[in-house]
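# Sequence first, then the predicted structure, then my questions.
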Amino acid sequence: MLCNQCSMSLIGGCTVRGVCGKDPDLNSLQEALLYGIKGTAAYYYHALEMGYDNPEIGHFLAEALYSTLTNVNFDKNRFLQLILENGRVHLEAMKLLDKAYTETFGLPRPVEVPTGTEEGHGILVTGHSYKALYELLKQIRDMGLENEIRVYTHSEMLPAHSYPKLKEFSSLYGNWGGSWVYQRKEFAEFPGVIIGTSNCVQQPTKAYQDRIFTVGIAGLEGVPHIEDYNFEPAIKRALETPKMEKREGSKILTGFHHTNVLAMKDKLIGLIQEGKIRHIFVVGGCDVPNPKMSYYEKLTEIIPKDAIILSAACGKFRYNQRDYGTIEGIPRFLDFGQCNNVYSIIEIAIALANELGTDVNSLPVTIVLSWMEQKAIAILYSLLYLGIKGIYIGPKAPEFLTPKVFEILKKEFDLRLITEPERDLQEMLSGIKIEEGSPLAEELD
Ligand code: SF4
Ligand code: SF4
């Protein structure tokens, strides 16, 4: 453990046990809560940015923070409860953000987003803030530059194309690049201006440091920050950058949402009951510069053709450009958009369970998450709050969980770490857990 938050701290921090009496497991639970509420704060911030509030979320953030002060709460069970409460409140935050986006920009519609380029000066927008993207597009239009400047989305901005009120701006053209992990290379190759609206944005290289801006929550050392969503400096800078040429590219399908998927609920249920859809995989989450992320590429490749994959967040750029085909007209790969859009996937799972008169754990559904930072942790808590068991997480176990705390989660929620794609897939499809050291496990190893 490492805690140095009060003046009783030993030199270099309390690392074995706190002077206050805090032990490593309690410290781990406090950190687990702190990281969860960081994730919740991110979605809450974007909802507030849009003018939407639910005071319950703010109250919980205050309560959770306060509970981790020195000498306030030493009760580990209370922290376990607070972590699940974080999951419940996080669902509210995702719901609030979905309401903010859909009421402001309209209900998402599936759309094929071009990955090529169009002639004109370019602006590339990365991060999660549709508010920032909207203000930029509006100001380009108000300045009469819609034919001069083309706006491209990057990483988590991709699903912006599916919202009618954003798509109606003719300057919004296509998508450039993949997840945040490759941004330094992709931004260097993009000749225009880059705007970072939230995570995950990194310190720029020399190749593009004179044409990148931040806005809202994002900030970079030595990079101009757009104040009050006034994008004039970035738009003017874009006009100084070389014009891009027209180049054909492929298309990425995105824009699935619980409203447009549940509109075909009866068909979906029929296909499940007829065995034409054998299994539903939810494979989503962050991208991480970790070689074990190849697990997700492989898993999505070997998932059988009579199963569908629901996905969200930026890890999908590793596997979203394959041709997965369709099952009776339903795409086998459905991209719901940003990490917060996991809310839509949860809505679908609950609706299907209700329709089939069962619970989510009894559905032929497996959730496989990749996590990088704290928003994914908060989403995990939401899934645990809903009582969903047997979730797979990777590419590694969270460092902030002590072995004992991780064991508790494994026991209570059957939380599983990813192993090998072939082995896990067999477990997922059969519903039979392959225990370590069992003959089947040895055979598969
Ligand atoms: S809160 Fe406890 S563990 Fe943390 S620095 Fe103070 S005495 Fe040490
Ligand atoms: S999904 Fe996670 S890793 Fe990816 S951009 Fe969003 S916060 Fe960053």
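Yep, it's here. Ligands and ions are numbered 1, 2, ... in the order given.
# For stretch 12-21, measure first residue to last.
17 Å (CA to CA, to the nearest Å).
# I'd say F213 and V201 touch.
No: at 10.5 Å, F213 does not count as touching V201 under the criterion of CB atoms under 8 Å. (Each C-beta comes from the backbone N, C-alpha and C, glycine too.)
# all strands of the stretch 201-350 of the chain, in order?
212-215, 225-226, 251-254, 279-285, 307-311, 326-327, 330-331, 333-335 (DSSP state E, counting those that start in this stretch).
# Those: which one's closest to ligand 1?
For ligand 1, the closest of the strands of the stretch 201-350 of the chain is strand 279-285, at 31.0 Å, according to CB to the nearest ligand atom.
# Redo the strands of the stretch 201-350 of the chain as JSON lines? Include mean pLDDT and distance to T117.
As requested, these are exported to JSON lines (pLDDT from 0 to 100; distance: least, CB to CB, whole Å):
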{"stretch": "strand 212-215", "mean pLDDT": "98", "distance to T117": "19"}
{"stretch": "strand 225-226", "mean pLDDT": "98", "distance to T117": "24"}
{"stretch": "strand 251-254", "mean pLDDT": "97", "distance to T117": "13"}
{"stretch": "strand 279-285", "mean pLDDT": "97", "distance to T117": "28"}
{"stretch": "strand 307-311", "mean pLDDT": "98", "distance to T117": "25"}
{"stretch": "strand 326-327", "mean pLDDT": "98", "distance to T117": "29"}
{"stretch": "strand 330-331", "mean pLDDT": "96", "distance to T117": "26"}
{"stretch": "strand 333-335", "mean pLDDT": "98", "distance to T117": "21"}
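# how about these in CSV, adding mean neighbour count?
As requested, the strands of the stretch 201-350 of the chain are exported to CSV (neighbours: other CB atoms under 10 Å):
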stretch, mean neighbour count
strand 212-215, 23
strand 225-226, 17
strand 251-254, 20
strand 279-285, 24
strand 307-311, 23
strand 326-327, 14
strand 330-331, 15
strand 333-335, 24
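# Turn these into a markdown table, including distance to L158.
Shown next, in a markdown table, are the strands of the stretch 201-350 of the chain (distance: least, CB to CB, whole Å):
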| stretch | distance to L158 |
| --- | --- |
| strand 212-215 | 18 |
| strand 225-226 | 21 |
| strand 251-254 | 6 |
| strand 279-285 | 13 |
| strand 307-311 | 12 |
| strand 326-327 | 21 |
| strand 330-331 | 16 |
| strand 333-335 | 8 |
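# Go through stretch 66-73 and flag the buried ones.
Neighbour counts over stretch 66-73 (16 or more other CB atoms under 10 Å) mark S67, T68 as buried.
# For it, measure first residue to last.
Using CA to CA, the end-to-end distance of stretch 66-73 comes to 9 Å.
# and what of stretch 219-228?
Stretch 219-228 stretches 14 Å from its first residue to its last (CA to CA).
# G192 contacts E118, correct?
No: if you go by CB under 8 Å, G192 and E118 don't touch, sitting 11.7 Å apart.
# List the contacts of the residue of the stretch 1-150 of the chain found nearest ligand 2.
For the stretch 1-150 of the chain, the residue closest to ligand 2 is H128, as judged by CB to the nearest ligand atom, at 6.4 Å. Counting by CB atoms under 8 Å, 6 or more residues apart in numbering, H128 makes contact with A42, H46, E156, M157, T197, S198, N199, Q338, C339, N340.
# can you check Q30 too?
So Q30 contacts K22, S67, T68, F79 (CB under 8 Å, 6+ apart).
# ok, now D23?
So D23 contacts M1, R17 (CB under 8 Å, 6+ apart).
# Would you mind listing what in this protein touches ligand 1?
Within the chain, the positions adjacent to ligand 1 are C3, N4, Q5, C6, M8, S9, C14, G18, V19, C20, K22, T70 by CB under 6 Å from any ligand atom.
# need these in JSON lines with secondary structure and pLDDT, can you?
Listed next are these as JSON lines, based on DSSP: H, G, I helix; E, B strand; the rest coil; pLDDT from 0 to 100:
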{"residue": "C3", "secondary structure": "strand", "pLDDT": "98"}
{"residue": "N4", "secondary structure": "coil", "pLDDT": "97"}
{"residue": "Q5", "secondary structure": "coil", "pLDDT": "98"}
{"residue": "C6", "secondary structure": "coil", "pLDDT": "98"}
{"residue": "M8", "secondary structure": "coil", "pLDDT": "97"}
{"residue": "S9", "secondary structure": "coil", "pLDDT": "98"}
{"residue": "C14", "secondary structure": "strand", "pLDDT": "98"}
{"residue": "G18", "secondary structure": "coil", "pLDDT": "98"}
{"residue": "V19", "secondary structure": "coil", "pLDDT": "98"}
{"residue": "C20", "secondary structure": "coil", "pLDDT": "98"}
{"residue": "K22", "secondary structure": "coil", "pLDDT": "98"}
{"residue": "T70", "secondary structure": "coil", "pLDDT": "98"}
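# Is it possible to mark the buried ones in these?
Among the residues of the chain next to ligand 1, those classed as buried by 16+ other CB under 10 Å are C3, S9, C14, G18, K22.
# Bridged to the first one, which residues?
Meaning C3. Using DSSP bridges, the bridge partners assigned to C3 are C14.
# Quickly note the distance from it to D23.
Note on C3: its distance to D23, by CB to CB, to the nearest Å, is 11 Å.
# Repeat that for L84.
Distance, L84 to D23, using CB to CB: 21 Å.
# do the same with Y173
Taking CB to CB, one finds Y173 at 55 Å from D23.
# Next: L352.
To D23, L352 is 42 Å away according to CB to CB.
# try G106
51 Å.
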